[in-house]
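>>> With the sequence up front, the predicted model follows.
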Amino acid sequence: SAVISQKPSRDICQRGTSLTIQCQVDSQVTMMFWYRQQPGQSLTLIATANQGSEATYESGFVIDKFPISRPNLTFSTLTVSNMSPEDSSIYLCSAQAGDYVRGEQYFGPGTRLTVT
Amino acid sequence: AQSVTQLDSQVPVFEEAPVELRCNYSSSVSVYLFWYVQYPNQGLQLLLKYLSGSTLVKGINGFEAEFNKSQTSFHLRKPSVHISDTAEYFCAVSGVSDKLIFGTGTRLQVFP
């Protein structure tokens, strides 16, 4: 298994600003992912964070709005840029453990973002 | 394309009663199936998974699920629930890629 931490745990931001969320894993992992969970809804995959290359974004999400970095096998960041109230969500980081099983992911506690 | 349907958005149940949370999936390829639980103000925790082999899988906290290929279902069950089981439960599927496709979730509310 993998233990994942995220910072910050929550934040309240003004529209037009940007927030960078950090995700730290306690071991090296093959895959890292970023999800959005809007109030009362399920999880939607934003992108796969690739180590050493550009992230792979899902339909409806673009790099200019959600730039992602993954400088090594244990760390990734997601930036929510030029925020609007519609970006108010929980953002979750996840990772596949070293004992690789397709689809089995471990999740961080999430970052609760409120945009005013 | 793969998809997951959780028909029940909310399931109220009294403590010590049995519960079943329904999950149906669609996929044209072999799948891996998962149930995750999200306690209030927390991230997701893996309850159990079906990869292959026995269709009845047991997970943490006394939960189990049965994979039924003919009915394309993966329902979650617990014979006797506890107040602490109150949470949101998500069924998820993955296939040829590493991506997880989540259902819309079922809110299990256990009453004393």
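Received, thanks. This one's a predicted model, so the numbers in the text were calculated from it and none came from an experiment. Numbers count the residues shown, from 1 in each chain, chains lettered A, B, ... in the order given.

>>> Phi and psi next, for the closest residue to A:L73 other than its chain neighbours.
Using CB to CB, 6 or more residues apart in numbering or on different chains and skipping residues adjacent in sequence, the residue nearest A:L73 is A:Q28, 3.9 Å away. In short, each C-beta sits where N, CA and C put it, glycine included. With angles defined as degrees, to the nearest 10, A:Q28 sits at phi -70, psi 130.

>>> and stretch B:30-48, which residues are buried?
Residues of stretch B:30-48 classed as buried: B:31-38, B:43-44, B:46-48 (neighbour count, 16 or more other CB atoms under 10 Å in any protein chain shown).

>>> Dump those into a markdown table; add distance to B:T5 and secondary structure as well.
Shown next, in a markdown table, are these (distance: CB to CB, whole Å; DSSP: H, G, I helix; E, B strand; the rest coil):
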| residue | distance to B:T5 | secondary structure |
| --- | --- | --- |
| B:V31 | 14 | coil |
| B:Y32 | 17 | strand |
| B:L33 | 13 | strand |
| B:F34 | 15 | strand |
| B:W35 | 14 | strand |
| B:Y36 | 16 | strand |
| B:V37 | 18 | strand |
| B:Q38 | 18 | strand |
| B:G43 | 23 | coil |
| B:L44 | 19 | strand |
| B:L46 | 20 | strand |
| B:L47 | 18 | strand |
| B:L48 | 19 | strand |
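
>>> What is the nearest of those residues to A:I21?
Nearest to A:I21 among the buried residues of stretch B:30-48, counting by CB to CB, is B:G43 at 12.9 Å.

>>> where's that closest one relative to A:T44, distance?
Separation of B:G43 from A:T44 (CB to CB, to the nearest Å): 15 Å.

>>> just B:H75 next, same as before
With CB to CB as the criterion, B:H75 and A:T44 are 24 Å apart.
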